[in-house]
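In: let's see this in three dimensions:
(chains A and B)
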Amino acid sequence: MLTTLLGSNWRRRFIVQDVVGQVFIHAALIFLLLAALVPLGWMVFASFKTYKELVTSKNMLPIVWTLKNYAEISARVNFLSAFRNSVIAATSVTACALLTSAALGFVFAKYRFWGKELIFSILLATMMVPFAVVLVPLYITIKNIGLANNLGGIIVTGLWSSFGMFMMRQFMESIPSELLDAARIDGASEWLIFGRIVIPLSLAPLSALGIFVFLGNWDSFLWPMVVLSSPTTKTLPIVLNGLRTLWWTRYEMWAAGSMLTVVPVMILYAFASKYFIRGIAMTGLKG
Amino acid sequence: MQKNLLVDSRRVGLTTTAQVWEGQIRRNLRRPQFWFGATVLVPTILWYWFFAYHPIYAAIRMSVVRYNLLLPETSPFVGLDNFRQLLANGVFVVSVRNTFTWALLLVTSMIPISLGVSILLVAVWRGRNFYQAFVFLPVVMSLVAVGLLFRMLMDPQVGQFNAILESLGLPGYTWLSSTDSALVTMVGVNVWKGLGFYVVILTAGMLNIPMELHDAATVDGVNSWQRFRYLTMPLLSNALALVMVVLVIGAMQEFTSAFVLTNGGPGQATYMFNMLIWEEAFTQMRFGTATAGALMQFGVILIITFVQLRLIRPAWSY
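Out: Predicted structure coming up:
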C-alpha cells in the first residue's frame, strides 16, 4: 500500500515491503551500528581514564577525566614523527601509484603495439605472487640500494600497482577513442591528451583507487616492520605495536596510542565517508 | 580513427591519395604515441624487473641453496633440502592446520554475515548510506589499533566483555587466552574489522542488478525468497566470486592480526603459516627455508584460487 502510494521505482527491489518488516530491519541495523561504535567508544573513554580506574571500574565513562596518558605517551614515544612518516609514505605511494596506474591504463587501453597483451599479462601476473615469496629477496634488494631503515624503502616498493593498472585499463577502454583522435587532429600532444582529457575523465575511478591504495599503505604492517628499525623512521602501526611491550597491559596507554593513530583517519572519514564507500564499491565492481 | 579518415576520403573519391594520406597521418600520429608509450613503459619494466621479477627469481634460487648471509655468492646448492627441513619443522604441521582452519572459519562466517547485512541494507527504505557508513567504519581503523583494542576488551580479568557477561549473570569467556577459543575469537575480531569492506562490495553488486529483472519476476508471481534465491544470488555470483577469492587469498597470508592479537599463542593455537615464514627469515635467519615455505604457499594459493574460480564462475550475465 505504502509502496504503491509512493510509487518510487527503487522500492520494488526490496524484499521486505511492509512497515513492520522495516522496523525489524532498522532494529537489526541499529544493533550493527552499535556493534561498530561501542568498542570504539570504549577506546576513546579508556584513553582518558587513569590506570587504577580502568582496572577497577566497570563504567564506560571515566569518573575522573585525565590527559596524563597522552602526556606520558608523548614523552616516551615519538608519535609525531611516526605520524609524519606514515603520512609521507602513504601519500607519496598513493600519488605515484595513481600516476603510474593511469599512464599504464591509458597506454594499454588506447595504444596498439606489438606484444601489448603479452606485456600486460606478464605485468599483471605479479599480482598472484604472495608477498612472502619476495619478502626476503626484496629486503636484500632494498638493503643493497641503501634504503634499509629508510622511509624510501617502503615507498619505492609501492610506486607501481598492478591492480591499479588493471583497474584503470578496464575503465579507460570505455573512453571513446574518437575524443582522443579529435584532440590529436587539433595538434594536442600525448601528454596534453593524457593530462587534460584522460585524467579528468577518469577522476572517479582514480579517487576510488587512491582511497584503496592509501588505506592499504596506511595500514601496512609486515613490510614496514621488516624495513624500518629505528624509532625515527617507523610508521604508526609499528610504533603502536611497540606499545604492547613498552607498557605491558597498561591498557590506558594502548588506548591513548590507538586514539592518536585512529583519530586522523576518522576525521578524514567523517568528511569523506561517501567517497570511501563509493571507492571500495567501485574497485569491487571493476575488479 | 585512421579507419574513419579512410572512409571519408574514399567518399570523396580519393582512394589512392587517401592511402598515402593515411600512411602519413598514421606515422605523424604514431610518433608522439611511441614516445609517450616508451616513457611510460620503460620505467615500468625497469621497476618491475628490480622490485618484482628479480626478487621472484632470487626467491626461487634462494629456496634451493643454504643461504650464506655474509657471502651470498658462495651459498651451497642443497636441492630440495630446504623444503624437507621445513616439513620436518615441528610447527610446520601446526601452522598449516591453523591457517586452513582459520581461512575456513573466516570465509564461512564472513560470507553469510556480510550477505545478511547487505540484504538488510538493500531492503531498508531509509538511511542506507547512514548505516553503511557505520558498518564500514572499522575498515578504516588501523588493524594494529583494532588488535590492541580487542585485547583490552577481551582481557579475562579487567576486560569489558567479561564485565558485560557478568552483569548479565553469565560466566566469563576465555576469549584469546585459551587454546580452544583463541582462533575462533580471532575470527570474530577480523569479521568485526573486515565486514564493512565485503558489505559494501556485495551491496553495490545487489543494487547493480537491473530493476527490470526484479519487475519481470514480480509480474510472474515470484515471491521475495524465490527472487533472492533464483535472481539475486545467481546474478551476484560475480561479486561473490570476487569476495570469496579475495578473502581466501588474504586469509591464507594472515600475519598482522595474529601477530598483534596473540603472537601465535596461547601455545601455538593461532600460529599462522606466515608467522613461520617470518620467524624462519628474521629470527632464525634461515632465508632458504623461509623462501621455500613462501613458494609452497604460492603453489597452494594458486591451486585453491583456480579451483574456486572453476567452481563459482558465473554461468550467465546480464
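In: show me where pLDDT drops low in chain B?
Out: B:1-18, B:25-29, B:313-318 (pLDDT under 70).
In: where along it do the strands fall?
Out: In chain B, no strands are defined using DSSP state E.
In: any idea which residue sits dead centre in it?
Out: In chain B, the centroid-proximal residue (C-alpha atoms, centre = their mean) is residue B:246; its distance is 3.1 Å.
In: that one and residue B:106: what is the separation?
Out: As judged by C-beta to C-beta, to the nearest Å, residue B:246 and residue B:106 stand 12 Å apart. Heads up, the C-betas are built off the backbone N, CA and C, glycines and all.
In: show me what contacts the nearest residue to residue A:148 once chain neighbours are set aside?
Out: Spatial nearest neighbour of residue A:148, excluding adjacent residues (C-beta to C-beta, 6 or more residues apart in numbering or on different chains): residue A:142 at 5.6 Å. Residues near residue A:142 by C-beta atoms under 8 Å, 6 or more residues apart in numbering or on different chains: A:148, A:153, A:156, A:157, A:227.
In: quickly name whichever of the residues you listed is closest to residue B:110.
Out: residue A:157 (28.5 Å; C-beta to C-beta).
In: so which bits of stretch B:282-298 are buried?
Out: B:282, B:286-298 (16 or more other C-beta atoms under 10 Å in any protein chain shown).
In: typed the wrong thing, it's stretch B:84-98
Out: With the criterion 16+ other C-beta under 10 Å, stretch B:84-98 contains buried residues B:85, B:86, B:89, B:91, B:92, B:94, B:95, B:96, B:98.
In: okay, those residues in TSV with distance to residue B:129 next?
Out: Shown next, in TSV, are the buried residues of stretch B:84-98 (distance: C-beta to C-beta, whole Å):
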residue	distance to residue B:129
B:85	54
B:86	49
B:89	50
B:91	46
B:92	47
B:94	44
B:95	42
B:96	42
B:98	38
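In: just those residues: which are in helices?
Out: The helices, defined by DSSP state H, take in B:85, B:86, B:91, B:92, B:94, B:95, B:96, B:98 from these.
In: so can I have JSON lines of the residues you listed showing distance to residue B:266?
Out: Listed next are these as JSON lines, based on distance: C-beta to C-beta, whole Å:
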{"residue": "B:85", "distance to residue B:266": "27"}
{"residue": "B:86", "distance to residue B:266": "24"}
{"residue": "B:91", "distance to residue B:266": "14"}
{"residue": "B:92", "distance to residue B:266": "19"}
{"residue": "B:94", "distance to residue B:266": "13"}
{"residue": "B:95", "distance to residue B:266": "15"}
{"residue": "B:96", "distance to residue B:266": "19"}
{"residue": "B:98", "distance to residue B:266": "13"}
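In: those also near chain A: which ones?
Out: The subset of these lying close to chain A, counting by C-beta under 8 Å from any C-beta of the partner chain, is empty.
In: how many other residues sit next to residue A:181?
Out: 17 (other C-beta atoms under 10 Å in any protein chain shown).
In: for residue A:86, same thing?
Out: For residue A:86, using other C-beta under 10 Å, the count is 26.
In: and if you look at the one 3 residues further on?
Out: Taking other C-beta under 10 Å as the criterion, the count of residues near residue A:89 is 24.
In: ok, now which ones touch it?
Out: A:151, A:154, A:155, A:217, A:224, A:235.
In: which ones among those map onto helices?
Out: A:151, A:154, A:155, A:217, A:224.
In: from memory residue B:294 sits against residue A:137, does it?
Out: No: judged on C-beta atoms under 8 Å, residue B:294 makes no contact with residue A:137 at a distance of 9.9 Å.
In: spit out the residues that contact these two alike.
Out: With C-beta under 8 Å, 6+ apart, residue B:294 and residue A:137 have common neighbours residue B:59.
In: of the buried residues of stretch B:84-98, just say which sits nearest to residue B:275.
Out: Of these, the one sitting nearest to residue B:275 (C-beta to C-beta) turns out to be residue B:95, at 6.9 Å.
In: that closest one: what's it in contact with?
Out: With C-beta under 8 Å, 6+ apart, residue B:95 has these contacts: B:268, B:271, B:272, B:273, B:275, B:276.
In: could you redo the last one with a cut-off of 7 Å?
Out: With contact set as C-beta atoms under 7 Å, 6 or more residues apart in numbering or on different chains, residue B:95 has these partners: B:271, B:272, B:273, B:275, B:276.
In: what of residue A:48?
Out: A:62, A:65, A:66 are the contacts of residue A:48 under C-beta under 7 Å, 6+ apart.
In: ok, now with 6 Å
Out: A:62, A:65 (C-beta atoms under 6 Å, 6 or more residues apart in numbering or on different chains).
In: please apply the same query to residue B:162.
Out: Per C-beta under 6 Å, 6+ apart, neighbours of residue B:162: residue B:172.
In: state the distance from it to residue B:270.
Out: 20 Å.
In: rewinding a little: okay, and the residue nearest to residue A:148 sits in which element?
Out: helix A:131-144 (DSSP states H and E).
In: could I get the buried residue list for that helix?
Out: Buried, per 16+ other C-beta under 10 Å, within helix A:131-144: A:132, A:133, A:134, A:135, A:136, A:137, A:138, A:139, A:140, A:141, A:142.
In: max pairwise distance over the contacts of residue B:95: which two?
Out: Checking these with C-beta to C-beta, the most distant pair is B:271 and B:273, at 8.5 Å.
In: who has more neighbours out of the two?
Out: residue B:273 (27 against 22).
In: where's that one relative to residue B:96, distance?
Out: Distance, residue B:273 to residue B:96, using C-beta to C-beta: 6 Å.
In: likewise residue A:273?
Out: In terms of C-beta to C-beta, residue A:273 sits 39 Å off from residue B:96.
In: same thing with residue A:162?
Out: 28 Å.
In: and for residue B:289?
Out: Residue B:289 sits 14 Å away from residue B:96, taking C-beta to C-beta as the criterion.
In: on that earlier part again, which members of the buried residues of stretch B:282-298 additionally contact chain A?
Out: Near chain A, judged by C-beta under 6 Å from any C-beta of the partner chain, the entries from these are B:287, B:290, B:291, B:294, B:297, B:298.
In: number of nearby residues for residue 228?
Out: No chain was given, so I picked chain A. 23.
In: ah, no, chain B please
Out: 18.
In: again, but for residue B:270
Out: Residues near residue B:270, counting by other C-beta under 10 Å: 29.
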